[in-house]
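In: Generate a structure from the sequence data that follows.
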Amino acid sequence: MPDWLEIGLRTLFAVVTLFLMTKLLGKRQVSELSFFEYITGITIGSLAAYISLDMEATWYLGLVSLSVWVLVSLGIEFLQLKSKTARDWIDGKGTILIKDGKVLEDNLKKERLTSDELLEKLRSKNVFQAANVEFAVMEPSGDINVLVKKEYLPLTPAHLGIKVGQMHEPQTVIMDGNQMDEPLAAIGLNREWLHTELDKLGVTVENVYLGQVDSYGQLYVDLFDDKIKVPEPQQKASLLAQLKKCEADLEMFGLSTKNEKSKQLYEKCSKELENVIANVKPLLAR
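Out: Numbers count the residues shown, from 1 in each chain. Below is the predicted model:
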């Protein structure tokens, strides 16, 4: 067999073997790596190259070595699942870099991290001033997670005591100009509804690059032609306007009637509707 053909077949075999063994090791092997996983990844890649190109040695010996590395990795992962001591020893522990707003210089030196690098990591978390940080820790993966002081956290409906409806993941109903029936059925909609919504926007399915339905049942589309601007859905804004109009009408009826009982009833309904509007406004005003 010619050398070029043998190398080609061995490379193909190595690629398939490497793919299967990486699938066996799981997603952790392609995510942020621990020390051992980093070493394992490098070694497995080197062994795959050895299987592909080393013509002078017996190729199956590289496969044996590759299998041993994978089995050892699986064994260590199993051990880590069963023992926290093993996890701490193999992966290491997180290192606190900032505590109670104070930078811990000794821990920075321990991780060989300079102040410039710390500030860079904070900026990657949208924190531009160290004084705003309550707590920061370097994970075993090398990533830094930050807890900002309460006064610098973004305001949420929970801070205002407002309850909001449960959010559901948006469903992609159009992709590359093709409508997707399964996501439509998952949210209880059909093609007729989709075409009706597209007609409101003045576009066809074929012109839509991406279309998604949010948890409130509104369709948002992105067209192939970026020069064309598509108006955003106005159902929620229209509903909010109608609710405000109803409230104004109730107030007007209460002011115009001479019947005291009716006046009190209109005023009561107006206040109740005002409370309803205050509760749903965060959902309707986007």
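In: So which other helices or strands are in contact with the helix or strand where Val146 lies?
Out: Secondary structure assigned from DSSP states H and E places Val146 in strand 144-148. Judged by 3 or more Cβ pairs under 8 Å, 6 or more residues apart in numbering; DSSP states H and E, strand 144-148 is in contact with helix 115-124, strand 133-138. Just so you know, the C-beta spots here come from the backbone N, C-alpha and C atoms, and that holds for glycine as well.
In: just these: most buried one?
Out: Ranked by mean neighbour count under mean count of other Cβ atoms under 10 Å, those are led by strand 133-138, which reaches a mean of 20.
In: neighbouring strands for it, and are they parallel or not?
Out: strand 95-99 (antiparallel), strand 144-148 (antiparallel) (DSSP bridges).
In: roughly how far apart are Gly41 and Asn275?
Out: Separation of Gly41 from Asn275 (Cβ to Cβ, to the nearest Å): 58 Å.
In: Between the two, which has more neighbouring residues?
Out: Neighbour comparison, Gly41 and Asn275: the larger count goes to Gly41, with 16 against 9 (by other Cβ atoms under 10 Å).
In: Could you check how far that one is from Tyr216?
Out: 44 Å.
In: repeat for Glu169
Out: For Glu169, the distance to Tyr216 - Cβ to Cβ - is 13 Å.
In: now Asp222
Out: 18 Å.
In: do Val137 as well
Out: Between Val137 and Tyr216 the computed distance is 37 Å (Cβ to Cβ).
In: just Thr85 next, same as before
Out: 49 Å.
In: what's the closest of the strands paired with strand 133-138 to Val16?
Out: strand 144-148 (37.9 Å; Cβ to Cβ).
In: Now do the buried residues in that closest one.
Out: Of the residues in strand 144-148, Ile144, Val146, Val148 count as buried by neighbour count, 16 or more other Cβ atoms under 10 Å.
In: With adjacent residues omitted, what lies nearest to the first one?
Out: With Cβ to Cβ, 6 or more residues apart in numbering as the criterion, Ile144 has its nearest non-adjacent residue at 4.3 Å, and that residue is Lys121.
In: rewinding a little: for the helices and strands packed on strand 144-148, give me TSV that also has mean pLDDT.
Out: As requested, those are exported to TSV (pLDDT from 0 to 100):
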stretch	mean pLDDT
helix 115-124	90
strand 133-138	92
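In: right, so of the ones you listed, which gets closest to Lys93?
Out: strand 133-138 (9.6 Å).
In: now the angle between helix 115-124 and the closest one, please.
Out: With axes from the mean of the first three to the mean of the last three Cα atoms, to 10 degrees defining the directions, strand 133-138 sits at 110 degrees from helix 115-124.
In: all helices for the stretch 1-150 of the chain, in order.
Out: Taking DSSP state H, counting those that start in this stretch, the helices of the stretch 1-150 of the chain run over residues 3-25, 35-53, 59-82, 84-91, 105-110, 115-124.
In: Mean confidence (pLDDT) on the first one, please.
Out: For helix 3-25, the mean per-residue pLDDT is 67.
In: Check stretch 174-191 too.
Out: According to the model, stretch 174-191 has a mean pLDDT of 89.
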